[in-house]
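[1] Here's a sequence, model it:
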Amino acid sequence: MRIGNSLTNYSYSVPGGGSSSSIAIVEWPLVYLGNLIYGQEICQQGIVCCHVVNVHSLKLQWVCSLCSCIFKQGRCTRSSEPCPSAVGVFHANTKIIVEDGTAEAWVRCKDEQVADLLQLSSAEWEGLQQHVVQQGSVYFQYQGRSGHELHEENTGDLLMQYLGTVCASPIVCRSIQLAFKVDSRNKRMLGQTETFQMRMLKCGDHQYSTKMAPTLSLTCLDIKEVDYRMLCHLGNDRLIQ
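    Residues are numbered from 1 along each chain as shown. Predicted coordinates:
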């Protein structure tokens, strides 16, 4: 099955490796997720126009700059022996599911990429970090299709309620332009149809047997809002087929 033609490379601006203000211009191919799974696109990095289906999990935490223990309310919480550090470092990690009409993929995002995903301004992102430092670490996990279900112990936590509402909102579950790299554990499975597994699906009173492709796992390199010129290019590519 061929989903579409190989698409042309696309110039992409990403943060450079030097100062925070440096910008690097790279050339990455514009691809379909389905072509990656079936081995019809051979690339380790690329760009896909996709829709965020849901935020599966979100972890926000402050850690000690010296020992990496949880940093809470201005101090390290290491219990084995006192830690002299008075500096904490904030980390954000999330795992999302995206689809582009040809396949789904799990995508891992971290730090500033999470702020871009949640569409938080610099002030909002800093404000969220200050709320997290009071607890040291918070963890949100998607509990259902509505996205509003929280574990019982978190229903009275205003921060968790806020995260649940934001993660399920159309502001987050939207179309994005995702720059990615393929996770190393996926590389040997891509294009290998023998790794596909038979699954039984039930719809009403009927059961269907189908082959399911291995889960595509990607690491986010950058998130941008959709460039609609790129969508026009994708639309033209599909019409040609």
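
[2] so what's residue 159 up against?
    Contacts were defined as Cβ atoms under 8 Å, 6 or more residues apart in numbering; by that measure residue 159 touches 131-132, 135, 138. In this view, the C-beta of every residue, glycine as well, is placed from N, C-alpha and C.

[3] List buried residues within the residues you listed.
    With neighbours counted by 16 or more other Cβ atoms under 10 Å, the contacts of residue 159 contain buried members at 132, 135, 138.

[4] in the sheet, who's paired with residue 140?
    With DSSP bridges applied, residue 140 shows beta-bridge pairing to residue 58.

[5] wait, residue 31 sits on residue 44?
    No. Under the criterion of Cβ atoms under 8 Å, residue 31 makes no contact with residue 44, lying 11.1 Å away.

[6] What is the nearest of the contacts of residue 159 to residue 81?
    Set against residue 81, the nearest of these by Cβ to Cβ is residue 135 (23.2 Å).

[7] and the residue lying closest to the closest one once chain neighbours are set aside, how far is that from residue 198?
    The shortest distance from residue 135 to any non-neighbouring residue, by Cβ to Cβ, 6 or more residues apart in numbering, is to residue 72 (6.8 Å). The gap separating residue 72 from residue 198 is 48 Å, by Cβ to Cβ, to the nearest Å.

[8] Which one's more surrounded, the two?
    Neighbours were counted for residue 72 and for residue 198 using other Cβ atoms under 10 Å; residue 72 has more, 18 against 8.

[9] Can you name the residues that contact the more buried one?
    Applying Cβ under 8 Å, 6+ apart to residue 72 gives the contacts 62, 133-137.

[10] any idea which element residue 223 lies in?
    strand 216-225 (DSSP states H and E).

[11] do the same with residue 98
    If you go by DSSP H and E, residue 98 is part of strand 88-99.

[12] before we move on, what about residue 128?
    Following DSSP H and E, one finds residue 128 within helix 122-135.

[13] The protein: strands as residue ranges?
    Counting by DSSP state E, the chain has these strands, from start to end: 9-15, 23-29, 45-64, 71-72, 75-76, 88-99, 104-110, 137-141, 175-182, 197-203, 206-212, 216-225.

[14] Wait, residue 111 touches residue 89, no?
    No. Using Cβ under 8 Å as the test, residue 111 is too far from residue 89 to be in contact (10.2 Å).
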